[in-house]
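Engineer: Have a look at this fold, sequence not included:
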């Protein structure tokens with residue numbers, strides 16, 4: 001009986017450690033304000049940058065003047081953050097693997113944008129940008145406040161104000 005109790009306690013204590021990636025993917029960590037694991041943060045930050053860059057390049061071709069101005073800022077800023085994140089990893093300051101592609105949900109959003117033109121494209125792009133930046137601000141806030149890698153935590157905290165500015169810009173486009 002004692003062995004069963006010990007095994008049950010060990011399993012219950014190991015569960016949260018093993019479930020962190022699942023909790024981050026499902027949004028549970030975000031809802032309760034828990035910082036993602038370093039690997040999860042790197043994956044989400046990198047794929048977010050990929051989506052921002054690719055969708056904004058599309059907007060440079062299809063958007064109106066205000067959309068093109070915003071899109072150019074997104075390409076410039078997110079290429080910069082991608083480079084900074086890569087530098088942290090290649091310098092050995094962050095132990096994580098960079099993804100090769102955006103998530104399937106992000107790819108689906110990009111594919112939807114590719115099928116739109118005119119006002120339909122502009123409305124969808126603006127909506128996607130607001131949503132993506134809400135997620136990014138939340139991600140960077142949580143890691144910047146509670147992340148477990150000091151270098152990456154400092155970078156997340158220093159990058160967050162630019163993302164908050166992007167969110168404000170996206171919200172203004174949606175008015």
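Structural biologist: Structure's in. What do you need? Note that the coordinates shown come from a computational prediction; the quantities given were computed from them, not determined experimentally.
Engineer: Low-confidence ranges, this structure, go.
Structural biologist: By pLDDT under 70, the low-scoring segments of the chain are 1-30.
Engineer: quick one: the strands in it?
Structural biologist: Counting by DSSP state E, the chain has no strands at all.
Engineer: What residues of the top helix by length along the chain count as buried?
Structural biologist: Secondary structure assigned by DSSP state H gives helix 118-146 as the longest helix of the chain. Within helix 118-146, the residues that count as buried by 16 or more other C-beta atoms under 10 Å are 121-122, 124-126, 128-130, 132-133, 135-144. C-beta coordinates here come from the backbone N, C-alpha and C atoms, glycine included.
Engineer: Stretch 36-45 now?
Structural biologist: Neighbour counts using 16+ other C-beta under 10 Å place 36-38, 40-45 of stretch 36-45 among the buried residues.
Engineer: Including distance to residue 53, could those residues go into CSV?
Structural biologist: Converted to CSV, those look like this (distance: C-beta to C-beta, whole Å):
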residue, distance to residue 53
36, 21
37, 24
38, 22
40, 21
41, 18
42, 17
43, 16
44, 15
45, 13
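Engineer: Tell me which two in these are the farthest apart.
Structural biologist: 37 and 45 (12.5 Å; C-beta to C-beta).
Engineer: Please enumerate the shared neighbours of these two.
Structural biologist: Common neighbours of residue 37 and residue 45, using C-beta atoms under 8 Å, 6 or more residues apart in numbering, do not exist here.
Engineer: Return the subset of the buried residues of stretch 36-45 lying in helices.
Structural biologist: Filtering the buried residues of stretch 36-45 for helices - DSSP H - leaves 38, 40-45.
Engineer: would you turn the residues you listed into a markdown table with distance to residue 162?
Structural biologist: Rendered in a markdown table, the data for those read as follows (distance: C-beta to C-beta, whole Å):
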| residue | distance to residue 162 |
| --- | --- |
| 38 | 21 |
| 40 | 21 |
| 41 | 16 |
| 42 | 18 |
| 43 | 20 |
| 44 | 16 |
| 45 | 13 |
